[in-house]
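Colleague: sharing a model prediction with you, sequence too.
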Amino acid sequence: MRYYPVMLDVTDKKCVVIGGGAVGARKVKTLLECGARVTVISPQAHDSLVDLAAQGEIILHARGYKSADLDGAFLLIGATDDADLNEKISRDAHQNNLLCNIADRPGDCNFILPSIVNQKDLVIAISTCGQSPAFAKKIRQDLQCMFGAEYGVFLELMGAVRKKLLAQSHAPEEHKGLFNRLIGNGLLDLLAARDEGGADALLEQVLGAGYSIRELVGGLNDRFECTEAE
Ligand SMILES: C[C@@]1(CC(=O)O)C2=NC(=C\c3[nH]c(c(CCC(=O)O)c3CC(=O)O)Cc3[nH]c(c(CC(=O)O)c3CCC(=O)O)/C=C3\N/C(=C\2)[C@@H](CCC(=O)O)[C@]3(C)CC(=O)O)/[C@H]1CCC(=O)O
Ligand SMILES: NC(=O)c1ccc[n+]([C@@H]2O[C@H](COP(=O)([O-])OP(=O)(O)OC[C@H]3O[C@@H](n4cnc5c(N)ncnc54)[C@H](O)[C@@H]3O)[C@@H](O)[C@H]2O)c1
(Lines give C-alpha, C1' and ligand atoms only; values in the text may rest on other atoms or scores of the structure.)
(Ligands and ions follow the chains in the order given, each with its own letter.)
Protein backbone atom coordinates (compact mmCIF):
# COMPACT_ATOMS: atom_id res chain seq x y z
CA MET A 1 0.00 0.00 0.00
CA ARG A 2 1.69 3.20 -1.21
CA TYR A 3 -0.48 5.73 0.74
CA TYR A 4 -1.77 5.88 4.34
CA PRO A 5 -5.60 6.18 4.19
CA VAL A 6 -7.15 8.71 6.60
CA MET A 7 -10.49 10.56 7.04
CA LEU A 8 -9.81 14.29 7.31
CA ASP A 9 -12.04 16.75 9.18
CA VAL A 10 -12.19 19.89 7.01
CA THR A 11 -15.25 21.42 8.71
CA ASP A 12 -14.90 25.23 8.68
CA LYS A 13 -11.27 24.93 7.53
CA LYS A 14 -10.00 27.24 4.80
CA CYS A 15 -9.33 25.13 1.72
CA VAL A 16 -7.87 26.84 -1.36
CA VAL A 17 -8.43 25.46 -4.86
CA ILE A 18 -6.23 27.01 -7.54
CA GLY A 19 -7.60 26.39 -11.02
CA GLY A 20 -11.37 26.24 -11.36
CA GLY A 21 -11.81 24.14 -14.50
CA ALA A 22 -13.55 20.75 -14.71
CA VAL A 23 -11.12 19.05 -12.30
CA GLY A 24 -11.06 21.93 -9.79
CA ALA A 25 -14.87 22.09 -9.82
CA ARG A 26 -15.14 18.36 -9.02
CA LYS A 27 -12.77 18.73 -6.08
CA VAL A 28 -14.62 21.85 -4.78
CA LYS A 29 -17.93 19.93 -4.79
CA THR A 30 -16.53 17.25 -2.45
CA LEU A 31 -14.87 19.82 -0.16
CA LEU A 32 -18.20 21.65 0.22
CA GLU A 33 -20.07 18.41 0.95
CA CYS A 34 -17.60 17.92 3.81
CA GLY A 35 -18.21 21.40 5.27
CA ALA A 36 -15.00 23.15 4.19
CA ARG A 37 -14.71 26.93 3.65
CA VAL A 38 -13.59 27.02 0.04
CA THR A 39 -11.71 29.77 -1.79
CA VAL A 40 -11.12 29.32 -5.52
CA ILE A 41 -8.48 31.26 -7.45
CA SER A 42 -8.98 31.06 -11.20
CA PRO A 43 -9.03 33.62 -14.04
CA GLN A 44 -11.78 31.59 -15.73
CA ALA A 45 -14.08 29.32 -13.74
CA HIS A 46 -16.43 26.42 -14.44
CA ASP A 47 -20.12 27.49 -14.54
CA SER A 48 -20.86 25.46 -11.39
CA LEU A 49 -18.26 27.51 -9.48
CA VAL A 50 -19.64 30.81 -10.74
CA ASP A 51 -23.08 29.69 -9.48
CA LEU A 52 -21.67 28.62 -6.09
CA ALA A 53 -19.94 32.00 -5.72
CA ALA A 54 -23.18 33.82 -6.59
CA GLN A 55 -24.96 31.78 -3.88
CA GLY A 56 -22.25 32.69 -1.34
CA GLU A 57 -21.16 29.04 -0.99
CA ILE A 58 -17.54 29.74 -2.02
CA ILE A 59 -15.23 32.73 -2.44
CA LEU A 60 -14.10 33.04 -6.06
CA HIS A 61 -11.20 35.29 -7.07
CA ALA A 62 -11.21 35.63 -10.87
CA ARG A 63 -7.46 36.17 -11.28
CA GLY A 64 -4.15 34.33 -11.38
CA TYR A 65 -2.50 32.68 -8.37
CA LYS A 66 -0.29 34.58 -5.88
CA SER A 67 1.72 32.87 -3.12
CA ALA A 68 -0.19 34.93 -0.50
CA ASP A 69 -3.36 33.03 -1.52
CA LEU A 70 -2.14 30.23 0.74
CA ASP A 71 -2.15 32.42 3.89
CA GLY A 72 -4.29 30.80 6.58
CA ALA A 73 -5.01 27.74 4.45
CA PHE A 74 -5.37 24.28 5.98
CA LEU A 75 -5.24 22.47 2.65
CA LEU A 76 -4.80 23.33 -1.00
CA ILE A 77 -5.57 21.77 -4.32
CA GLY A 78 -3.70 22.84 -7.43
CA ALA A 79 -5.70 22.12 -10.58
CA THR A 80 -4.57 24.63 -13.18
CA ASP A 81 -3.76 23.64 -16.77
CA ASP A 82 -0.26 25.16 -16.41
CA ALA A 83 2.26 22.47 -15.39
CA ASP A 84 4.94 25.00 -14.34
CA LEU A 85 2.47 26.89 -12.19
CA ASN A 86 1.24 23.65 -10.60
CA GLU A 87 4.85 22.87 -9.71
CA LYS A 88 5.33 26.34 -8.16
CA ILE A 89 2.11 25.87 -6.14
CA SER A 90 3.40 22.56 -4.80
CA ARG A 91 6.71 24.18 -3.77
CA ASP A 92 4.86 27.00 -1.96
CA ALA A 93 2.67 24.42 -0.23
CA HIS A 94 5.60 22.34 0.99
CA GLN A 95 7.40 25.47 2.27
CA ASN A 96 4.29 26.24 4.32
CA ASN A 97 3.83 22.62 5.46
CA LEU A 98 0.35 22.49 3.95
CA LEU A 99 -1.71 19.53 2.94
CA CYS A 100 -1.32 19.62 -0.81
CA ASN A 101 -2.93 17.87 -3.79
CA ILE A 102 -1.77 18.76 -7.29
CA ALA A 103 -3.99 17.36 -10.05
CA ASP A 104 -1.24 16.62 -12.58
CA ARG A 105 1.67 15.84 -10.23
CA PRO A 106 0.95 12.89 -7.92
CA GLY A 107 4.67 12.84 -7.00
CA ASP A 108 4.38 16.36 -5.54
CA CYS A 109 1.24 15.69 -3.49
CA ASN A 110 1.22 14.72 0.17
CA PHE A 111 -2.27 13.30 -0.37
CA ILE A 112 -4.24 12.07 -3.36
CA LEU A 113 -8.00 11.73 -3.66
CA PRO A 114 -10.00 8.53 -3.85
CA SER A 115 -13.18 7.80 -5.78
CA ILE A 116 -16.08 7.79 -3.33
CA VAL A 117 -19.23 5.72 -2.78
CA ASN A 118 -21.29 7.62 -0.24
CA GLN A 119 -24.60 7.03 1.53
CA LYS A 120 -24.81 9.55 4.40
CA ASP A 121 -22.24 8.38 6.98
CA LEU A 122 -21.22 5.35 4.94
CA VAL A 123 -18.13 6.34 2.96
CA ILE A 124 -16.28 3.85 0.79
CA ALA A 125 -13.08 5.33 -0.64
CA ILE A 126 -11.47 3.61 -3.60
CA SER A 127 -7.89 4.29 -4.57
CA THR A 128 -5.58 2.72 -7.12
CA CYS A 129 -2.69 4.78 -5.63
CA GLY A 130 -2.61 6.73 -8.88
CA GLN A 131 -2.24 3.69 -11.15
CA SER A 132 -5.60 4.04 -12.88
CA PRO A 133 -8.11 6.77 -11.92
CA ALA A 134 -10.39 5.45 -14.69
CA PHE A 135 -10.50 2.06 -12.94
CA ALA A 136 -11.16 3.65 -9.52
CA LYS A 137 -14.18 5.34 -11.13
CA LYS A 138 -15.36 2.02 -12.69
CA ILE A 139 -15.21 0.28 -9.27
CA ARG A 140 -17.19 3.19 -7.77
CA GLN A 141 -19.87 2.82 -10.42
CA ASP A 142 -20.05 -0.96 -9.85
CA LEU A 143 -20.33 -0.57 -6.04
CA GLN A 144 -22.69 2.42 -6.01
CA CYS A 145 -25.86 0.45 -6.79
CA MET A 146 -25.13 -2.00 -3.94
CA PHE A 147 -25.52 0.63 -1.18
CA GLY A 148 -29.03 2.08 -1.00
CA ALA A 149 -30.69 4.56 1.39
CA GLU A 150 -31.11 1.81 4.03
CA TYR A 151 -27.35 1.97 4.73
CA GLY A 152 -27.62 5.64 5.73
CA VAL A 153 -30.62 4.96 8.01
CA PHE A 154 -28.94 1.84 9.44
CA LEU A 155 -25.83 3.82 10.42
CA GLU A 156 -27.94 6.59 11.94
CA LEU A 157 -29.67 3.98 14.08
CA MET A 158 -26.47 2.14 15.03
CA GLY A 159 -24.91 5.50 15.94
CA ALA A 160 -27.85 6.35 18.21
CA VAL A 161 -27.73 2.91 19.89
CA ARG A 162 -23.98 3.23 20.40
CA LYS A 163 -24.24 6.74 21.83
CA LYS A 164 -26.91 5.61 24.30
CA LEU A 165 -24.90 2.54 25.38
CA LEU A 166 -21.70 4.58 25.76
CA ALA A 167 -23.55 7.14 27.90
CA GLN A 168 -24.38 4.28 30.28
CA SER A 169 -21.01 2.53 30.36
CA HIS A 170 -17.74 2.01 28.55
CA ALA A 171 -17.74 -1.73 28.02
CA PRO A 172 -16.31 -2.38 24.56
CA GLU A 173 -16.34 -6.19 24.78
CA GLU A 174 -19.96 -6.35 25.92
CA HIS A 175 -21.05 -3.71 23.37
CA LYS A 176 -19.25 -5.48 20.53
CA GLY A 177 -21.45 -8.55 21.13
CA LEU A 178 -24.62 -6.44 21.05
CA PHE A 179 -23.62 -4.65 17.85
CA ASN A 180 -22.68 -7.93 16.18
CA ARG A 181 -26.08 -9.42 17.08
CA LEU A 182 -27.88 -6.44 15.52
CA ILE A 183 -25.70 -6.70 12.41
CA GLY A 184 -25.78 -10.51 12.19
CA ASN A 185 -29.51 -10.88 12.82
CA GLY A 186 -30.58 -8.79 9.86
CA LEU A 187 -31.35 -5.28 11.16
CA LEU A 188 -30.21 -3.84 7.84
CA ASP A 189 -32.58 -6.10 5.85
CA LEU A 190 -35.48 -5.18 8.14
CA LEU A 191 -34.78 -1.48 7.50
CA ALA A 192 -34.48 -2.08 3.75
CA ALA A 193 -37.94 -3.72 3.90
CA ARG A 194 -39.12 -0.74 6.01
CA ASP A 195 -40.31 -3.26 8.60
CA GLU A 196 -40.33 -1.00 11.68
CA GLY A 197 -42.17 -3.59 13.81
CA GLY A 198 -39.63 -6.31 12.96
CA ALA A 199 -36.72 -3.96 13.57
CA ASP A 200 -38.18 -2.88 16.94
CA ALA A 201 -38.61 -6.54 17.95
CA LEU A 202 -34.95 -7.25 17.16
CA LEU A 203 -33.79 -4.11 19.01
CA GLU A 204 -35.82 -5.11 22.08
CA GLN A 205 -34.58 -8.71 21.95
CA VAL A 206 -30.92 -7.61 21.84
CA LEU A 207 -30.98 -4.39 23.89
CA GLY A 208 -34.14 -4.49 26.02
CA ALA A 209 -36.69 -1.70 26.50
CA GLY A 210 -35.99 1.94 25.56
CA TYR A 211 -34.35 1.19 22.22
CA SER A 212 -37.22 1.42 19.74
CA ILE A 213 -36.61 3.16 16.42
CA ARG A 214 -38.97 5.97 17.40
CA GLU A 215 -37.10 6.57 20.68
CA LEU A 216 -33.71 6.44 18.98
CA VAL A 217 -34.11 8.36 15.72
CA GLY A 218 -37.82 9.14 15.17
CA GLY A 219 -40.05 7.13 12.80
CA LEU A 220 -38.53 4.94 10.10
CA ASN A 221 -40.38 6.54 7.18
CA ASP A 222 -39.27 10.01 8.33
CA ARG A 223 -35.65 8.86 8.36
CA PHE A 224 -35.95 7.47 4.82
CA GLU A 225 -37.61 10.67 3.63
CA CYS A 226 -34.75 12.77 5.09
CA THR A 227 -32.10 10.48 3.59
CA GLU A 228 -33.69 10.33 0.14
CA ALA A 229 -34.26 14.10 0.04
CA GLU A 230 -30.53 14.76 0.46
C1 LIG B 1 -10.63 9.26 -8.09
C2 LIG B 1 -10.66 10.69 -8.63
C3 LIG B 1 -11.07 11.56 -7.48
C4 LIG B 1 -11.25 13.04 -7.78
O5 LIG B 1 -10.60 13.60 -8.68
O6 LIG B 1 -12.06 13.61 -7.06
C7 LIG B 1 -9.28 10.96 -9.20
N8 LIG B 1 -9.33 11.04 -10.54
C9 LIG B 1 -10.59 10.86 -11.00
C10 LIG B 1 -10.94 10.72 -12.34
C11 LIG B 1 -10.06 10.76 -13.47
N12 LIG B 1 -8.85 11.36 -13.48
C13 LIG B 1 -8.28 11.22 -14.75
C14 LIG B 1 -9.21 10.51 -15.58
C15 LIG B 1 -8.98 10.14 -17.05
C16 LIG B 1 -8.65 8.65 -17.18
C17 LIG B 1 -7.35 8.23 -16.49
O18 LIG B 1 -6.29 8.87 -16.66
O19 LIG B 1 -7.40 7.19 -15.78
C20 LIG B 1 -10.30 10.20 -14.75
C21 LIG B 1 -11.57 9.44 -15.11
C22 LIG B 1 -12.58 10.31 -15.85
O23 LIG B 1 -12.45 11.54 -15.93
O24 LIG B 1 -13.52 9.68 -16.37
C25 LIG B 1 -7.00 11.78 -15.23
C26 LIG B 1 -5.90 12.02 -14.31
N27 LIG B 1 -5.90 11.79 -12.95
C28 LIG B 1 -4.66 12.10 -12.46
C29 LIG B 1 -3.87 12.61 -13.51
C30 LIG B 1 -2.43 13.07 -13.36
C31 LIG B 1 -1.46 11.94 -13.34
O32 LIG B 1 -1.80 10.73 -13.20
O33 LIG B 1 -0.26 12.25 -13.47
C34 LIG B 1 -4.65 12.56 -14.67
C35 LIG B 1 -4.31 12.99 -16.09
C36 LIG B 1 -3.55 11.92 -16.80
C37 LIG B 1 -3.19 12.37 -18.21
O38 LIG B 1 -2.39 13.31 -18.31
O39 LIG B 1 -3.75 11.78 -19.14
C40 LIG B 1 -4.25 11.97 -11.11
C41 LIG B 1 -5.04 11.61 -10.02
N42 LIG B 1 -6.38 11.38 -10.06
C43 LIG B 1 -6.80 10.99 -8.84
C44 LIG B 1 -8.13 10.96 -8.43
C45 LIG B 1 -5.65 10.65 -7.97
C46 LIG B 1 -5.39 9.14 -8.05
C47 LIG B 1 -6.64 8.29 -7.79
C48 LIG B 1 -6.37 6.83 -7.87
O49 LIG B 1 -6.07 6.31 -8.93
O50 LIG B 1 -6.41 6.21 -6.81
C51 LIG B 1 -4.52 11.44 -8.65
C52 LIG B 1 -3.16 10.74 -8.60
C53 LIG B 1 -4.29 12.78 -7.97
C54 LIG B 1 -5.57 13.45 -7.50
O55 LIG B 1 -6.25 14.06 -8.33
O56 LIG B 1 -5.85 13.37 -6.30
C57 LIG B 1 -11.57 10.84 -9.88
C58 LIG B 1 -12.69 9.77 -10.02
C59 LIG B 1 -14.03 10.47 -9.90
C60 LIG B 1 -15.18 9.51 -9.98
O61 LIG B 1 -15.29 8.60 -9.18
O62 LIG B 1 -16.02 9.77 -10.86
N1 LIG C 1 -6.39 14.61 -10.99
C2 LIG C 1 -7.35 14.40 -11.84
O3 LIG C 1 -8.34 13.79 -11.52
C4 LIG C 1 -7.22 14.94 -13.24
C5 LIG C 1 -8.13 14.58 -14.23
C6 LIG C 1 -8.02 15.14 -15.48
C7 LIG C 1 -7.02 16.07 -15.72
N8 LIG C 1 -6.15 16.40 -14.74
C9 LIG C 1 -5.14 17.48 -14.86
O10 LIG C 1 -5.69 18.58 -14.08
C11 LIG C 1 -5.39 19.84 -14.66
C12 LIG C 1 -6.67 20.66 -14.87
O13 LIG C 1 -7.56 20.00 -15.76
P14 LIG C 1 -8.96 20.67 -16.19
O15 LIG C 1 -9.59 19.70 -17.12
O16 LIG C 1 -9.71 21.12 -15.02
O17 LIG C 1 -8.43 21.94 -17.03
P18 LIG C 1 -9.23 23.26 -17.45
O19 LIG C 1 -8.50 23.84 -18.61
O20 LIG C 1 -10.69 22.97 -17.54
O21 LIG C 1 -9.06 24.23 -16.18
C22 LIG C 1 -7.85 24.82 -15.84
C23 LIG C 1 -8.17 26.06 -15.00
O24 LIG C 1 -6.95 26.63 -14.53
C25 LIG C 1 -7.14 28.03 -14.48
N26 LIG C 1 -5.86 28.75 -14.48
C27 LIG C 1 -5.01 29.00 -15.51
N28 LIG C 1 -4.00 29.77 -15.10
C29 LIG C 1 -4.20 30.04 -13.79
C30 LIG C 1 -3.51 30.80 -12.81
N31 LIG C 1 -2.38 31.48 -13.12
N32 LIG C 1 -3.99 30.85 -11.55
C33 LIG C 1 -5.12 30.19 -11.23
N34 LIG C 1 -5.83 29.44 -12.13
C35 LIG C 1 -5.37 29.37 -13.39
C36 LIG C 1 -7.94 28.34 -15.75
O37 LIG C 1 -8.60 29.59 -15.64
C38 LIG C 1 -8.91 27.16 -15.78
O39 LIG C 1 -10.11 27.48 -15.11
C40 LIG C 1 -4.64 19.51 -15.96
O41 LIG C 1 -3.26 19.63 -15.65
C42 LIG C 1 -4.98 18.05 -16.24
O43 LIG C 1 -3.91 17.37 -16.89
C44 LIG C 1 -6.23 15.84 -13.51
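Modeller: Cool, got the structure. Residues are numbered from 1 along each chain as shown. Ligands and ions are numbered 1, 2, ... in the order given.
Colleague: I figured residue 87 hits residue 107, correct?
Modeller: No - with contact defined as C-beta atoms under 8 Å, residue 87 does not count as touching residue 107 (10.3 Å). Any C-beta I mention is one placed from the backbone N, CA and C, and that applies to glycine too.
Colleague: residues contacting the most centrally placed residue in the chain?
Modeller: Nearest to the mean C-alpha position of the chain, counting by C-alpha atoms, centre = their mean, stands residue 34 at 5.7 Å. Residue 34 is in contact with 10-11, counting by C-beta atoms under 8 Å, 6 or more residues apart in numbering.
Colleague: that one and residue 62, how far apart?
Modeller: Distance, residue 34 to residue 62, by C-beta to C-beta, to the nearest Å: 25 Å.
Colleague: again, but for residue 154
Modeller: Counting by C-beta to C-beta, the separation of residue 154 from residue 62 is 44 Å.
Colleague: did I read that right, residue 63 in a strand?
Modeller: No - using DSSP: H, G, I helix; E, B strand; the rest coil, the assignment for residue 63 is coil, not a strand.
Colleague: leaving out chain neighbours, which residue sits closest to it?
Modeller: Nearest-residue entry for residue 63: residue 43, 6.0 Å, with adjacent residues in sequence omitted and distances by C-beta to C-beta, 6 or more residues apart in numbering.
Colleague: I figured that neighbour hits residue 64, correct?
Modeller: Yes - Residue 43 is within contact range of residue 64, at 5.8 Å (criterion: C-beta under 8 Å).
Colleague: ok, the residue lying closest to residue 113 once chain neighbours are set aside - contacts?
Modeller: Spatial nearest neighbour of residue 113, excluding adjacent residues (C-beta to C-beta, 6+ apart): residue 101 at 6.3 Å. If you count contacts by C-beta under 8 Å, 6+ apart, residue 101 has them with 27, 75-78, 109, 111-113.
Colleague: so residue 154 and residue 62 - more neighbours on which side?
Modeller: Regarding residue 154 and residue 62, a neighbour count based on other C-beta atoms under 10 Å identifies residue 154 as having more, with 24 against 14.
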